[in-house]
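Trainee: would you be able to build a 3D model of this:
(chains A and B)
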Amino acid sequence: ETGVTQTPRHLVMGMTNKKSLKCEQHLGHNAMYWYKQSAKKPLELMFVYNFKEQTENNSVPSRFSPECPNSSHLFLHLHTLQPEDSALYLCASSQEGQKLFFGSGTQLSVL
Amino acid sequence: EDKVVQSPLSLVVHEGDTVTLNCSYEVTNFRSLLWYKQEKKAPTFLFMLTSSGIEKKSGRLSSILDKKELSSILNITATQTGDSAIYLCAVDRRRDDKIIFGKGTRLHILP
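Mentor: Next comes the predicted model:
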């Protein structure tokens, strides 16, 4: 248990659905991240929140919408996704941007 | 463009063998290099290296950074089937706290 909890573990959704991924960290860290992991590709940084303020948006399509209501919770709202968005979505937290602590991820399949 | 390159991409060895995994980087404003182990979903932290030539050790795993060669190696001695995993190398960039990952090395240990 890394102290970072993600739900759901698995998600199957149609291209017209709206769903949300949730992440919660119990480590008192000040930064939270969303990463996308696709087969045979490096982990791709999507969003960074530092002290609840978004500091990085890596040219992510607008069909992905993050929300960080406080320093312990992070959401990723999904709508009108494409099949190529199927991947493992990992949440992570850190203190001062160095060692990342990852959640177990949400395996997303878009039909 | 900053990048992290790992080699080999995959490796199959027998239990008891020693393996060396490689990571090279081209990253401006380098701060630290990190190694993670990913068995199923959540990558777990192994080492953080900031100084050249100083070996970090944890049981049968060890790692060292060479800032002159812009590279690092991860050694695993007397491998066990439980070492089967994807090993991720990442570099922390000082100027924006961004962590850049390599594609990983998929290690499989045969009994």
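Trainee: A:Glu84 belongs to a strand?
Mentor: No - counting by DSSP: H, G, I helix; E, B strand; the rest coil, A:Glu84 falls outside a strand, being helix.
Trainee: for it, give its distance to B:Ile86.
Mentor: A:Glu84 sits 21 Å away from B:Ile86 when distances are taken as CB to CB, to the nearest Å. C-beta here means a position set from N, CA and C on the backbone, and glycine is covered the same way.
Trainee: okay, these two: which has more neighbours?
Mentor: B:Ile86 (19 against 8; other CB atoms under 10 Å in any protein chain shown).
Trainee: give me the sheet partners of the host helix or strand of the more buried one and which way each runs.
Mentor: Assessed by DSSP states H and E, B:Ile86 sits inside strand B:85-93. As defined by DSSP bridges, the strand partners of strand B:85-93 come to strand B:30-38 (antiparallel), strand B:98-101 (antiparallel), strand B:105-110 (antiparallel).
Trainee: so what touches the second one?
Mentor: Strand B:98-101 has contacts (CB atoms under 8 Å, 6 or more residues apart in numbering or on different chains) with A:42-43, A:45, A:48, A:56, A:97, A:100, B:2-4, B:25, B:27, B:34, B:88-93.
Trainee: stretch A:51-67: which residues count as buried?
Mentor: For stretch A:51-67, a neighbour-count test (16 or more other CB atoms under 10 Å in any protein chain shown) marks A:Glu56, A:Val60, A:Phe64, A:Pro66 as buried.
Trainee: phi and psi next, for B:Thr18.
Mentor: Phi and psi for B:Thr18, reported as degrees, to the nearest 10, are phi -110, psi 140.
Trainee: what pLDDT does it get?
Mentor: Per-residue confidence for B:Thr18 comes out at a pLDDT of 98.
Trainee: one more: A:Ala39?
Mentor: pLDDT recorded at A:Ala39 is 83.
Trainee: what about residue 28, how many neighbours?
Mentor: All of this is about chain A. Look at A:Gly28: counted by other CB under 10 Å, it has 10 neighbours.
Trainee: was after chain B, sorry
Mentor: Residues within reach of B:Thr28, counting by other CB under 10 Å, total 9.
Trainee: isn't there a strand covering it?
Mentor: No - the assignment for B:Thr28 (three-state DSSP) gives coil, which keeps it out of a strand.
Trainee: coming back round to it: show the buried residues in the contacts of strand B:98-101.
Mentor: Members of the contacts of strand B:98-101 that pass the buried threshold by neighbour count (16+ other CB under 10 Å) are listed as A:42-43, A:45, A:48, A:56, A:97, A:100, B:4, B:25, B:27, B:34, B:88-93.
Trainee: helices or strands up against the lowest-mean-pLDDT helix or strand in chain A?
Mentor: In chain A, the helix or strand scored least confidently by mean pLDDT, DSSP states H and E is strand A:53-57, which has a mean of 74. In this structure, strand A:53-57 makes packing contacts with strand A:44-50, judged by 3 or more CB pairs under 8 Å, 6 or more residues apart in numbering or on different chains; DSSP states H and E.
Trainee: the strand it packs on vs strand A:53-57, what angle?
Mentor: Strand A:44-50 and strand A:53-57 are oriented at 160 degrees to each other (axes from the mean of the first three to the mean of the last three CA atoms, to 10 degrees).
Trainee: partners of strand A:44-50, with directions?
Mentor: Sheet neighbours of strand A:44-50, with direction, are listed as strand A:31-37 (antiparallel), strand A:53-57 (antiparallel) (DSSP bridges).
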